[in-house]
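Asks: Generate coordinates for the sequence data below:
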Amino acid sequence: MSDPRDPYEVLGVPRTASTKQIRAAFIERARNSHPDIVGRRGLDTMRALNEAWDTLKDEERRAAWHAANGGAAANATQGGDGSTARSERKDSRRPFWFGAHGPAPGRPSGPVLDFGIFEGWSIGEVARVDRGYLMWLRDRPEGAAIRTEISRLVDPTAEEPSDLRQNRRR
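Replies: Modelled structure (predicted):
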């Protein structure tokens, strides 16, 4: 877009809105103006919505926007739910999608992931929300260390893979 717009105005939320409220406003407006639904006339609106969401979903970008546009960030140190901002907890060298699913839902079981979109979640919590992710992770090099636990969660009745049995005998 050629002119920088106020992301709060684009999403229709107050500057004191929590990240949760901002996300809800983004989803609601995106549903009503997505080009797949309204056609080409929704392209500019979706671009503005995506840009606003991109600015406000990340605490560091949000604080930078506030600094550049004269005002203190309303929720720079706390998420809308009172939790510590994700930007304070994560390594700035990590990709932005690490931990993208937010805080774990609770009742952890099994190893905790320290990478990917479910960073900070146990594999048991991931299994309750997105079993397909575990099936994908099981076959990836990143999941090699927890492959057995993932296999037990995804298919508890399956026999242990032969390559794992052979590795144990050595």
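Asks: For burial, what's the neighbour tally of Asp155?
Replies: By the criterion of other CB atoms under 10 Å, Asp155 has 12 neighbours. Placement of C-beta: from N, CA and C, glycine included.
Asks: Sorry, slip of the keys, the one I care about is Gly70.
Replies: Gly70, neighbours per other CB under 10 Å, totals 6.
Asks: do Asn69 as well
Replies: By other CB under 10 Å, neighbour count at Asn69 equals 11.
Asks: just Ala24 next, same as before
Replies: Ala24 has 14 nearby residues by other CB under 10 Å.
Asks: The one 10 residues further on now?
Replies: The number of residues packed near His34 is 15, by other CB under 10 Å.
Asks: Now do it, the pLDDT please.
Replies: pLDDT, His34: 82.
Asks: Surely it is in contact with Leu43?
Replies: No. Judged on CB atoms under 8 Å, His34 makes no contact with Leu43 at a distance of 9.7 Å.
Asks: joint contacts of these two?
Replies: Common neighbours of His34 and Leu43 are not found (criterion: CB atoms under 8 Å, 6 or more residues apart in numbering).
Asks: need the helix or strand of the protein with the lowest average pLDDT.
Replies: helix 86-89 (a mean of 42; mean pLDDT, DSSP states H and E).
Asks: Can you dump the C-alpha atoms of the following helix or strand past it in CSV for me?
Replies: Using DSSP states H and E, the helix or strand that follows helix 86-89 in sequence is helix 123-129. This file holds the C-alpha atoms of helix 123-129, laid out as CSV (Å, rounded to 0.1, in the frame of the first residue of the first chain):
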residue,chain,number,x,y,z
ILE,A,123,3.3,-33.7,22.3
GLY,A,124,0.2,-34.8,24.2
GLU,A,125,-1.3,-31.3,24.0
VAL,A,126,-0.4,-31.2,20.3
ALA,A,127,-2.1,-34.5,19.7
ARG,A,128,-5.4,-33.2,21.1
VAL,A,129,-5.3,-30.2,18.8
